[in-house]
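Asks: Compute the structure for the input listed below.
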Amino acid sequence: MENGKDKRAYLNEAYTPDELEDSKRPANGQASAGKLPSYEQATALSIEDDHAKDKEGKEAEEVDPWALPELKSTDTPWAELTPPRRVLRVIWYIARFFILLGLLYMFICSLDILSSAFNLLGGKAAGEALSNTVLFSNPIAGMMLGVLATVLVQSSSTSTSIVVSMVSAGLLNVGNAIPMMMGANIGTTVTNTIVAMGQSADRGDFRRAFAAATVHDMFNWLSVLVFLPLEWVSGYLRRLTTLIVENIPDNTNTTAENPEFLKAITKPLTERVVLLDTSKIRQIALGQDINGSLIKDGDHIFNGWTGSDAASGGILLAASLLLLCVCLVLIVKLLTSLLKGAIASLLQRFINSDLPGPFKYLTGCLAILVGAGMTILVQSSSIFTSAITPLVGIGAIHIDRMYPLTLGSNIGTTVTGILAALASDPTGFKNSFQVALCHLFFNISGILVWYPVPFMRKIPISLAKVMGQTVFKYRWFALCYLVLLYFLVPLAVFGLSLAGWEVLLGVGLPIFVFIVVIVIINVLQTKKPEVLPAKLRSWEATGLPEPLRSLAPIDRVFQRMRGVCTCCKTTPEADDLEAETIGQGQRNGSVKKDTEQNGHIESSRL
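Replies: The predicted model follows:
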């Protein structure tokens, strides 16, 4: 805008006629108080504002949202406390520690009751599905059936033990049982995802917690994508384990049992709530005709229950989810209050630091061993990963450290299948033991592919971070992810696989190729946009309708739905301010809740 016409056009657009008439501009080029700026001043201010926005944008891009926050203490320093107040603080710390132990106990019990609820709701259906051995001739159908069965019984240990029993009884061969084991690995992660949703009130915590939960999913799905086709083509796992078991003598010890560590502590409470005969699910899977309820007689709340298993399962599901959410919220609040200042810094350094000197590269191996040992101790990968997910959410554990711990839990959970094989009938011992070894070597092979090489290690972690970033912006996506990944997608693939290979390839292959192409374009847009054509360097440039390139239209629908409920009602401005506050907190070294301290943002949970 060099000439007078351009200046007049600018002023006519920027100000009303009355403002232009009344304004008096000083001759020295400086705007007096209460007067409108001149054209030159407005242009200079606009340029400065653009530079400031560019600077802020660059600073925002440099912020690592996954960096561990500084958990600052707001308590009065110890040196400033009087002796009586020091005693009170020590007592309060000890009391909170024991309260935390009690909440962890109730949290684990709620997971056990949740598993019982799913057994009552879908245990018989899972057993009947597993009894149809014709389905296992199709490896994809068998894998998806493993996912669904494990989701229904809420325990990979239960589903794998059922498969081991079926192999031992001669109803399944080893080759058909392997895809089922792979599916059980995927299905067991649903509990961890549900637990992560308990931290959805705070966007920053939810981003970290959901990424920590889904890193397990990403590893399991990627491992299946590699080893299911490999097993189908070459029989890699079956051949490897055959070499191991062919010279093992037959087992004569049929009394081996799983050692009970954590369950010995939780049983006194959970068996007072409900006592199930899960062996009936195994008997149904073995083709036996079983009538009656899964609920056993005993001294518990549901003793003498005359209703259906589905009704009792629904009651237990609602109660266990309520108890789970209450325990999780209280645990997070207690951990947040305890892990501050020097204690938090010490814990962060201890858990997330590497071994010294040349042993640095063995840190991940040590974390895998710790994860395996803890899972063997608690006899459940779901319990172990669900217990440490809140720690990732509050910033005590980095997602990069969560990853090897999760891999270790995958190894630890295979011990249950091995012990089940040791307790099997001597005539079918070798086959059942071979299936258990296939489960073990599948997880070990997955670790060898997706962990030692740094580039390969980043793939599942990066995918999990994408999920975390998505729920940070659209919290409702977590629920959609849960329903799609564990129910709709397995059911759809299962149905297509039953229709035949031609239908599965005709429908599934184009969808799979399309998803892979979209992922590659997204990666190139972020890492190497210059290699793409101009129209593909951003989805906006492609000219696609917004619903085909963004979740924003769906988000607007959810926002309108939230607006109907007064308790969930919030505004886009409040959500934007919350996200901005979290980002500012990260730039200042802390992401803890400035919005809660100021009291002007109403957090909501979907």
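Asks: Let's verify residue 65: helix, strand, or coil?
Replies: At residue 65, secondary structure determined by DSSP: H, G, I helix; E, B strand; the rest coil is coil.
Asks: From what I see, it and residue 469 are in contact.
Replies: Yes - using CB atoms under 8 Å, residue 65 is in contact with residue 469, at 7.4 Å. The way it works is simple: take the backbone N, C-alpha and C, and place the C-beta from them, glycine included.
Asks: which residues do these two both contact?
Replies: Residues touching both residue 65 and residue 469 by CB atoms under 8 Å, 6 or more residues apart in numbering: residue 207.
Asks: any idea of the pLDDT on residue 4?
Replies: Residue 4 carries a pLDDT value of 49.
Asks: And stretch 395-404, what's buried?
Replies: Within stretch 395-404, the residues that count as buried by 16 or more other CB atoms under 10 Å are 395, 396, 397, 398, 399, 401, 402, 403, 404.
Asks: Quick one: neighbours of residue 154, just the number.
Replies: Neighbour count for residue 154, taken as other CB atoms under 10 Å: 27.
Asks: Sorry, wrong one. I was asking about residue 315.
Replies: Counted with other CB under 10 Å, the neighbours of residue 315 add up to 17.
Asks: Please report the distance of it from residue 117.
Replies: Noted for residue 315: a distance of 8 Å to residue 117, by CB to CB, to the nearest Å.
Asks: Can you list the residue ranges for helices in the stretch 451-600 of the chain?
Replies: Ranges of helices in the stretch 451-600 of the chain, per DSSP state H, counting those that start in this stretch, are 454-473, 477-483, 489-498, 501-527, 546-549, 552-564, 572-587, 594-598.
Asks: who wins for proximity to residue 272 among the ones you listed?
Replies: With CB to CB as the criterion, residue 272 lies closest to helix 477-483 of the helices of the stretch 451-600 of the chain, at 30.0 Å.
Asks: picking up where we left off before, from the buried residues of stretch 395-404, which single one is nearest residue 533?
Replies: residue 399 (33.9 Å).
Asks: Return the distance of that closest one relative to residue 217.
Replies: Residue 399 is 13 Å from residue 217, by CB to CB.
Asks: Give the residues shared as contacts by these two.
Replies: With CB under 8 Å, 6+ apart as the test, residue 399 and residue 217 both reach residue 464.
Asks: Tell me which residue is most central in this structure.
Replies: Central residue of the chain (CA atoms, centre = their mean): residue 213, 2.1 Å from the mean position.
Asks: now that we're looking at it, which residues does it contact?
Replies: 189, 192, 193, 195, 196, 385, 389.
Asks: how about residue 355, secondary structure?
Replies: Assignment for residue 355 (three-state DSSP): coil.
Asks: which non-adjacent residue is nearest it?
Replies: Excluding the flanking residues, the one nearest residue 355 by CB to CB, 6 or more residues apart in numbering is residue 363, at 4.8 Å.
Asks: Okay, domains of the chain per the record?
Replies: Using automatic domain parsing, the domain parsing of the chain gives 1-23+36-43, 83-498.
Asks: among these, which is nearest residue 541?
Replies: Once these are compared by CB to CB, domain 83-498 is nearest, at 20.8 Å.
Asks: any idea of the mean pLDDT for the closest one?
Replies: 81.
Asks: Start and end of that domain, how far apart?
Replies: 73 Å (CA to CA, to the nearest Å).
Asks: re earlier: for the residue nearest to the centre of the chain, which non-adjacent residue is spatially closest?
Replies: residue 196 (3.8 Å).
Asks: what about that neighbour, neighbour count?
Replies: Neighbour tally, residue 196, other CB under 10 Å: 30.
Asks: Could you pull out the buried residues of the helix or strand containing it?
Replies: Secondary structure assigned from DSSP states H and E places residue 196 in helix 190-196. For helix 190-196, burial by neighbour count (16+ other CB under 10 Å) applies to 190, 191, 192, 193, 194, 195, 196.
Asks: ok, now stretch 199-210?
Replies: Under 16+ other CB under 10 Å, the buried positions of stretch 199-210 are 199, 200, 202, 203, 204, 205, 206, 207, 208, 209, 210.
Asks: Also stretch 447-460?
Replies: Buried-residue list, stretch 447-460, by 16+ other CB under 10 Å: 447, 449, 450, 451, 457, 460.
Asks: now the third one: how far from residue 561?
Replies: Going from residue 450 to residue 561 by CB to CB gives 38 Å.
Asks: is it true that residue 381 touches residue 150?
Replies: No - between residue 381 and residue 150 there is no contact under CB under 8 Å: 11.2 Å.
Asks: shared neighbours of those two, anything?
Replies: 156, 188.
Asks: Neighbours of residue 92, how many?
Replies: Neighbours around residue 92, by other CB under 10 Å: 11.
Asks: The one helix or strand it maps to - contacts with which helices or strands?
Replies: For residue 92, the enclosing helix or strand under DSSP H and E is helix 83-131. Counting contacts by 3 or more CB pairs under 8 Å, 6 or more residues apart in numbering; DSSP states H and E, helix 83-131 packs against helix 139-153, helix 156-168, helix 263-273, helix 279-285, helix 309-338, helix 381-394.
Asks: tell me the phi and psi of residue 276?
Replies: phi -110, psi 150 (degrees, to the nearest 10).
Asks: That one and residue 209, how far apart?
Replies: 30 Å.
Asks: how about residue 361, what does it touch?
Replies: No contacts exist for residue 361 under CB under 8 Å, 6+ apart.
Asks: Tell me the spacing between it and residue 266.
Replies: Using CB to CB, residue 361 is found at 38 Å from residue 266.
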